[in-house]
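Asker: Predicted model, plus sequence, below.
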Amino acid sequence: MKTFSMFAAVLLLGTAGCSLAAERMLAAPVARVDAPLAAGPLRTAVFAGGCFWGVEGVFEHVKGVVSVRSGYAGGAARTAKYDIVGSGRSGHAEAVEIRYDPSKVSYGALLRVLFSVAHDPTQLNRQGPDSGTQYRSAIFPQDAEQARLARAYIGQLTSARTWNGPIVTTIEPGKPFYPAESYHQDYLRLNPGQPYIVINDLPKVAGLKQLLPAMWSDKAVG
């Protein structure tokens, strides 16, 4: 799907795609309900918001994030393969696993990045040129506390009418994350000139720096 969408985007949108992506971004409000910063072991967050290349690229530049991996969540281990997930029938979403330092960044702050610049939470089963349930907006809580914080933040954004349309993000607890194939890892950072990345994903990274500068790190984590 992404291979086809890349050329379609180049032909139909050209450089205008960058401005269209930028128009969908906004600085979402700080989470009112959040876990306080506190020293402790690294923690994990798993989010889905369209093609994992761009979502990974955004979170690699968030202060307090230690590592980011692209992968799949929502389906079974045996179907966690790119060619199967691409069919849209595996139950998986393209997702990212974020390891973060809870003394430097909170789960609520990561949610704010997800909703502000990493994707558009009002698009149902699609992001930009990509469509299918594998591109859905989803949060995969690692425990009950994360599920509570995610529900609270979505409720806050809904009450504030942050977007014109309804938020379609699903909260899907108890579903493991499976790493994607090695050629998907760090794809944005290793392929910054690839047309799909230029049109759809680099504007998200730029949006993080512009809209949430306090969270921006110049050095991307590996």
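Answerer: Nice, I can see it. Computed from a prediction, not measured in an experiment: that's the story for all the values here. Numbers count the residues shown, from 1 in each chain.
Asker: which residues sit in contact with residue 187?
Answerer: 53, 56, 57, 70, 197 (C-beta atoms under 8 Å, 6 or more residues apart in numbering). In short, each C-beta sits where N, CA and C put it, glycine included.
Asker: ok, now with 10 Å
Answerer: Residues near residue 187 by C-beta atoms under 10 Å, 6 or more residues apart in numbering: 51, 52, 53, 54, 56, 57, 70, 180, 194, 196, 197, 201.
Asker: Just give me the closest of those residues to residue 76.
Answerer: Closest approach to residue 76 among the contacts of residue 187 (C-beta to C-beta): residue 180, at 15.2 Å.
Asker: ok, now how distant is the closest one from residue 70?
Answerer: Taking C-beta to C-beta, to the nearest Å as the measure, residue 180 falls 4 Å from residue 70.
Asker: between those two, what contacts are shared?
Answerer: Contact criterion C-beta under 10 Å, 6+ apart; residues shared by residue 180 and residue 70: 52, 53, 56, 82, 94, 95, 96, 97, 187.
Asker: taking those residues one by one, which sit in strands?
Answerer: Among these, DSSP state E puts 94, 95, 96, 97 in strands.
Asker: Quick one: neighbours of the first one, just the number.
Answerer: Put plainly, it is residue 94. Residue neighbour count, defined by other C-beta atoms under 10 Å, stands at 30 for residue 94.
Asker: which residues touch the nearest residue to it once chain neighbours are set aside?
Answerer: Leaving aside its chain neighbours, residue 94 sits nearest to residue 52 (4.2 Å; criterion: C-beta to C-beta, 6 or more residues apart in numbering). Applying C-beta under 10 Å, 6+ apart, we find residue 52 in contact with 2, 68-72, 93-97, 134-135, 180, 184-185, 187-188.
Asker: Kindly recompute the last result at 8 Å.
Answerer: 70, 71, 94, 95, 96, 180, 184.
Asker: Who are the contact partners of the third one?
Answerer: Contacts here follow C-beta under 8 Å, 6+ apart; on that basis residue 94 touches 48, 50, 51, 52, 55, 70, 71, 72, 85, 134, 135, 180.
Asker: do that again at 7 Å, thanks
Answerer: 48, 51, 52, 72, 85, 134, 135 (C-beta atoms under 7 Å, 6 or more residues apart in numbering).
Asker: out of those residues, who's nearest residue 164?
Answerer: Closest to residue 164, out of all of these and judged by C-beta to C-beta, is residue 135, at 20.7 Å.
Asker: My guess is residue 37 contacts residue 103. True?
Answerer: Yes. Applying C-beta atoms under 7 Å, one finds residue 37 in contact with residue 103, separated by 5.6 Å.
Asker: re earlier: in helices only, show me the contacts of residue 94.
Answerer: Using DSSP state H, the subset of the contacts of residue 94 located in helices is 52, 85.
Asker: Can you lay out the contacts of residue 94 as CSV showing distance to residue 158 and pLDDT?
Answerer: Rendered in CSV, the data for the contacts of residue 94 read as follows (distance: C-beta to C-beta, whole Å; pLDDT from 0 to 100):
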residue, distance to residue 158, pLDDT
48, 19, 98
51, 25, 97
52, 25, 98
72, 28, 98
85, 29, 98
134, 25, 98
135, 22, 98
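Asker: which among the contacts of residue 94 end up buried?
Answerer: The neighbour count (16 or more other C-beta atoms under 10 Å) marks 48, 51, 52, 72, 85, 134, 135 as buried among the contacts of residue 94.
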